[in-house]
Each structure stands twice: as C-alpha cells, then as structure tokens.
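Asks: Need a 3D model of the sequence below.
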Amino acid sequence: MKKLLGILTFILILPTACGHGSEPTQIITPPPVIEAMAEMATQPPPLPQPETILIYPIETSIETSIETSQEEPPEPLEITPLTLQDIIEIANYRSHNLIRPDYARLYELTHARSPQTINPWYFEGHPRPAHISSEDAMADVAELITIISQFYGAYIYFGGDAAFHAIKEQLGTLLYAQEFWDTDYFSYLLREYLSSVIRDNHFRIDHYPLWAEYNFMVPANPGRLTVFERSEAGIRSRDTKLYVAQVIIDGEYINVADAFRHSLGEDGSLYYSFVVVLPDYDAAPSIATIVYTNGNRFTFAISPLYSQRLEHRDVSMVQAYDIPVVTIMQMGFPDSTHGMDFAGARQFLSYAQRLRGEPTIIVDIRSNRGGNGRLAPRFLHILTGEVIPRNHYGLRVWDYDDFRRMMPAYTNQFYLAPESEIYAPSRRFDSNHILLHTDPFNVIQNDTLIILLVDRHTYSAGDGFADLMFSMENTLVIGQNTGGMLHTDLSFTNMTLRRSGININFGTTIFIHPDGHLPEGVGIAPDLWVNGDALTAVLALLAR
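Replies: Residues are numbered from 1 along each chain as shown. Sure thing, here's the model as predicted:
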C-alpha cells in the first residue's frame, strides 16, 4: 500500500468533466455598448503579466522614434466609459460563448495506446551512482520510454510511438559513443532530448520541468504613448487619438487585437496596454512598431515582463473597505489529519460558509502553487449551493476497476473524503482509460460577484480555480495570466530509474481544454490585466 501511495501521492487536479450528450450552452447577446469589446474578449488573447511586476529598462541601440505624416487624422469618436456592470456583462458573454472541447478528441488521444505490462512500483527508491555505463544508461532510456508510453497521459498528444522511439534511437547513438557517463550529465541529456517533444510543466526530470514557457513582452520604457483605449472603430492612442492600423514585432506583422490588453490601473482606471506573448526562446529585447491609420509610425523597445512570486502567507480573510478578501496560496487537503496544509484548507472552506449571501467577495490566489484540485469547486459549492462544472475533459491512463480498488489508498496525507467524488466524478472510457468529467458543460447563475486575483505564479490547481470562473455568471478574473500548468496532472512523484537513480515526475491524466483557453505555459487570460498591484486596483475599481 505504501508503494501505491508513492505513486498516486500528488494528483494536483482532478477535473470535473462532462458527458458527450450534454446540451449546448446557451448563446447570449451582449448589450450594444459592449458588443465589440465582448467579441474581442472571446478571442484567444495574448498573455498578461504577474502580480508584483518589475519592469527593468533595457539597454538598446534602438531609440524610441516617431514618424509623422502630414495627413490630417479623422475626427475621433467619443468613448463612453465602461461601468463595472459593463465589465461583468462582457465576462458573462465570454463564459456563455466559450466553445467547450469536442468529445471526439478523446478518441484521438487514446488510439493505439500501449497496454500496461510493467509494474510502476518497481521504479522507486533506487540509489544514484556518480557514473553509469552506456549499457545501463540505454537500459534506463528503454525503460523510461516504456513507462511513458504506458502511463504518461499526454503520450499520444506529443507524438506517440513515432516521436518517442525516435528519441530512444537518437539517445542510443549518442550514449554508445563512450563507455561511461556522468549521471548528472545523463540526466541533462534526458531533459534535452525529451524536451524536444514534451512541453509539459508538470513533467520533471530530477525536478527540472520540461518547460512550456512564454515571455510577455511590454514596452521597456512605458509612458503616455503606450496607453491606449478602444472605441467602436478600434484601438487608438489615448494621447494622440490616432487609431492603430498595424503592429510589427521585429519585422513580423501580428494581429492588432493580440497586442493589447484591457487593463486596470491601481487608481481604478480602465485602459488598454501593450502586451505581446512570444515563446521563451525569444527572451532578447525586441523592437515593436505601431503603424497608425494616418501613416504615423511609433517604434519602441519591448522586453520580457519580469515578476516575483509573492511571499507565502497563511490562509486568511480580512475586510477591505467592507469587502471580504480571502487569500489562499496552497490548495490543501481538508479531509486529512496530517496532509499538505490540511488546516488551511479547512479554514478556507469555513470562510465559504460565512460568506454565503455576501454581495461581493475577492479571492486572492496570486502565487498559489496548486495542490488539491477538488478544494476550489468544494469552496464554490459551499458558497453558492451549486456544483460548478469545469470546462475540460480529463483522460487518465488507468484501468477503471483497478483504480476504484485503489481508492482506499487515499487514506494517507492526501486523503480525499468519498463525498468529494462529486467534484471529480470518474467513469470508464475504455479498457485502459478513465474519463474525469462533470455533466454537463454549462454556466451556473450566481448572485455574488466573485473577483479572483491571479498572477503568473498561479499554477495547476490555481489554474483550475480560474477555469471555474468561466462556468459561472457574475465573476471576474483580474491580474495577469495564470502560470499555465494544467496540460496534465502530477501523479508520479517518487519514480526513480532503476540503474541511474534519476528522479522522474509526470502525470497519468491529460486535460483537454477549449482551444486557446488554457495553453500550457500561457495560462488563462484575465478579464482585466493589471500593471501593478491587483488588489489595490480592484478596490479602487469597486470604489468608483
């Protein structure tokens, strides 16, 4: 039983999934004043920035330049300031019009899956030598590829046999080039070769993730010329009232809508800020050019947005200007008596009971590291009386009957009470897979305004909390994009290769999200992006 616990110990998120026979979500029409903005909100956007944001000026030989045209700009349209209710209606629109994933995708991700013939229990507690022979290294490679093929949730997604067998052949050619290898360097080689295929922030080799990372590029020296607003005619400079026709990054044209985020200032003001998402290998300073409709060009340097993880704090609830603010930075296990932050999780749930009937609440999950994926839906269930569905399917590589027999194993520090099954119901998908889903995909009516604060360090079960906001009316996600660590779960945390002792962590469950909704490494985009402290900004917005 203890062996089993080492394998199943840390499932960070168990999704509530739904069946393929559910009714389509009702499509609602926004009021005319916000229709254009609502359409923009439903497009997969660029990404936001973290809560505590430090923008470092960069040295660049490219100076900010402005090229002007003699052509007279058109008379600017008046812009009616949005109210808080307008912003909520835009968020309701995005929830009702989120296109949930196609059930047929599940069949694509289970086709030709290798049956489970090896015992993962054998891969625990093996010692780590300083050096390893090429023969032993290749034996570890072969076993690792077999483990991945039989247990890794995203194996088919990342190319299946064709992709992973090619990696095994490439490593074989390299490893047989010498007789012995430094074990640490062998670990590095595994990471390098596997990361050419796997981009999964839960998959780790010796605790190094096979990162899917992206940079949020912002003006290196922000000022009045990088503040924008939106009218029915498009995005325009708040300072010059000129409309944006094109955006160019390092010579490449990008979609104008993908370069601007609806933003909230610390004074509660609303505007649009310039934020562009680039892959992590584009970390060097870049050059952006905005071309306006009258021919004017504004060229400026952009650099990666840098953020710091917030210092960990215990679960708490305070009143800020008569508005309850709940803070939680780890999703613990409330049913355990000795597990990960079980006391904090119980306290968190007790707040939900006390907050029933409140008109507005703020839940601060900035820099939340994840943990128990059932805690957030349980909190919302107590608060609203409704089981909130998730917007993804979960597909676990495991025999259903075998999995049900192992459920008592949760009587460890990660114990989940049987009644929590309603937040992650499971059923047989085929002989080798379990479907995790809540029926049906729908948007729950809700009277309490729930404002969720997120940042780039909101991960895993924190990503899952943000996703739940898209299944409820009267919710706002504010801050920066979440971290985006929910392509898979984290089921195996104590695996070690039998000859090298290299540690392997990965998940048996893949999550199928709506297109553009929660990309790995990108995360969920907020309804309002904040350049500064999100709590300060929200309180100022509510005070207006």
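Asks: so where's the stretch 401-544 of the chain shaky on pLDDT?
Replies: Low-confidence regions of the stretch 401-544 of the chain, defined here as pLDDT under 70, cover residues 405-414.
Asks: How about Gly265, nearest residue that isn't a chain neighbour?
Replies: Excluding the flanking residues, the one nearest Gly265 by Cβ to Cβ, 6 or more residues apart in numbering is Ala537, at 6.3 Å. Using the backbone N, CA and C atoms, a C-beta is placed for each residue, glycine as well.
Asks: So that neighbour sits against Val530, correct?
Replies: Yes - counting by Cβ atoms under 8 Å, Val530 is a contact partner of Ala537 at 4.9 Å.
Asks: shared neighbours of these two, anything?
Replies: 264-266, 478 (Cβ atoms under 8 Å, 6 or more residues apart in numbering).
Asks: nearest to Ala343, of those residues?
Replies: Ile478 (28.1 Å; Cβ to Cβ).
Asks: Let me know the pLDDT of His338.
Replies: Here, the pLDDT recorded for His338 equals 76.
Asks: Can you verify it is assigned to a strand?
Replies: No - under DSSP: H, G, I helix; E, B strand; the rest coil, His338 falls outside any strand and is assigned coil.
Asks: and it, how far is that from Arg313?
Replies: Distance of His338 to Arg313, computed by Cβ to Cβ, to the nearest Å: 22 Å.
Asks: These two: which has the busier surroundings?
Replies: Arg313 (12 against 9; other Cβ atoms under 10 Å).
Asks: Assumed that one was part of a helix.
Replies: No - assigned with three-state DSSP, Arg313 falls outside any helix and is coil.
Asks: residue contacts, the residue lying closest to Asn92 once chain neighbours are set aside?
Replies: Nearest non-adjacent residue to Asn92, counting by Cβ to Cβ, 6+ apart: Glu473, 5.1 Å away. Residues near Glu473 by Cβ under 8 Å, 6+ apart: 92, 95, 443-446.
Asks: can you do 10 Å?
Replies: 28, 88-89, 91-92, 95-96, 443-447, 449-450 (Cβ atoms under 10 Å, 6 or more residues apart in numbering).
Asks: And Tyr321, by the same measure?
Replies: Counted by Cβ under 10 Å, 6+ apart, Tyr321 has contacts 539-540, 542-543.
Asks: Let me know the pLDDT of it.
Replies: pLDDT, read off for Tyr321, is 94.
Asks: ditto for Gly373
Replies: Reported pLDDT for Gly373: 95.
Asks: Next: Pro57.
Replies: Reported pLDDT for Pro57: 30.
Asks: hmm, back to that, return a selection command, for use in ChimeraX, containing the buried ones of the shared contacts of Ala537 and Val530.
Replies: What follows is the ChimeraX syntax for the buried subset of the shared contacts of Ala537 and Val530, where burial is set by 16 or more other Cβ atoms under 10 Å:
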select :264,265,266,478
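Asks: Which ones among the shared contacts of Ala537 and Val530 lie within strands?
Replies: 264, 478 (DSSP state E).
Asks: On the C-terminal side of the longest helix anywhere in the chain, identify the next helix or strand.
Replies: As assigned by DSSP state H, the longest helix anywhere in the chain is helix 134-151. Remark: after helix 134-151, the chain's next helix or strand is helix 160-175, criterion DSSP states H and E.
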